[in-house]
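Q: for reference, the sequence and a predicted model appear below.
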Amino acid sequence: MAGLWFPMVKAVLPGSFDPPTFGHLNIIERACSIFERVLVVVAVNREKHYLFSAEERVAFMQELVAPWPNVEVHTCDTLVVEFARKHQCRVLLRGVRSVQDFSYEFELSILNKGVGPDVETFFMPTDQKYFVLRSSAIKELASFGGDVSGMVPPMVAKAMERFRTVT
Ligand code: ADP
């Protein structure tokens, strides 16, 4: 579909992207035809254990979003609402796959609204092709040597080979 529905509106899409999946890319592709700019924000949380370093996750995302000129990749180690404010983003975008996701995301949106009332959370339901894609399950599958090529881009599937614990 041509044209921008929300000209001048910038959206933040925060996430761990550990690793990035086709589900994430589907949300980004749909969002960048709606919002003027989409700022993908790779979360850096010192309390959280990630499979891939922040540098690797950023490098993946930079390469994967290269086809879309209005998508940028950033990192953030503060509240995402603060990041959104600093970059004049009115929308905080989150993908939802299930009712379980929704109940978690709904609570998060209320918390975020409390911290930053000027930033609105928008939910985008997953495309049905991707509703089973979950980074945590993909990591487990890859560690057992399972085929993840239908779930993550080839560059990510290749990088995951080094975490294979079962040969
Ligand atoms: P977080 O740790 O913040 O949940 P994720 O990288 O798991 O980070 O997810 C980032 C965003 O992408 C979240 O809004 C999440 O719900 C969404 N997402 C993840 N996987 C999918 C998918 N398969 N389809 C749609 N949205 C997804």
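A: Ah, there it is.
Q: what does the chain put close to the ligand?
A: Contacts of the chain with the ligand, taken as C-beta under 6 Å from any ligand atom, map to 14-17, 21, 23-24, 27, 43, 94-97, 101, 126, 130, 133, 135. Just so you know, the C-beta spots here come from the backbone N, C-alpha and C atoms, and that holds for glycine as well.
Q: buried only: go through those residues for me.
A: 14-17, 21, 23-24, 27, 43, 94-97, 101, 126, 130, 133, 135 (16 or more other C-beta atoms under 10 Å).
Q: just checking, what's the longest helix in the chain?
A: Longest helix in the chain by number of residues (criterion: DSSP state H): helix 99-115.
Q: ok, then the element right after that helix?
A: strand 120-125 (DSSP states H and E).
Q: quick check: mean pLDDT across whichever helix or strand comes after that following strand?
A: Sequence order places helix 135-143 as the next helix or strand after strand 120-125, per DSSP H and E. Mean pLDDT, computed over helix 135-143, is 93.
Q: for helix 135-143, output the C-alpha coordinates as PDB.
A: Only the C-alpha atoms of helix 135-143 are listed here, as PDB (Å, rounded to 0.1, in the frame of the first residue of the first chain):
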ATOM      1  CA  SER A 135      13.300 -16.100  20.400                       C
ATOM      2  CA  SER A 136      13.600 -18.200  23.500                       C
ATOM      3  CA  ALA A 137      12.200 -21.400  21.800                       C
ATOM      4  CA  ILE A 138      14.400 -20.800  18.800                       C
ATOM      5  CA  LYS A 139      17.500 -20.600  21.000                       C
ATOM      6  CA  GLU A 140      16.600 -23.900  22.600                       C
ATOM      7  CA  LEU A 141      15.800 -25.500  19.300                       C
ATOM      8  CA  ALA A 142      19.200 -24.300  17.800                       C
ATOM      9  CA  SER A 143      21.100 -25.600  20.800                       C
END
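Q: show me what that helix is packed against.
A: Contact here means 3 or more C-beta pairs under 8 Å, 6 or more residues apart in numbering; DSSP states H and E; on that basis helix 135-143 packs against helix 154-160.
Q: next, the buried residues of the helix it packs on.
A: 156, 157, 159, 160.
Q: quick check, the third one in contact with residue 52.
A: Yes. With the criterion set as C-beta atoms under 8 Å, residue 159 and residue 52 qualify as a contacting pair; they are 7.2 Å apart.
Q: list the residues that contact both of these two?
A: Residues touching both residue 159 and residue 52 (C-beta atoms under 8 Å, 6 or more residues apart in numbering): 19, 60.
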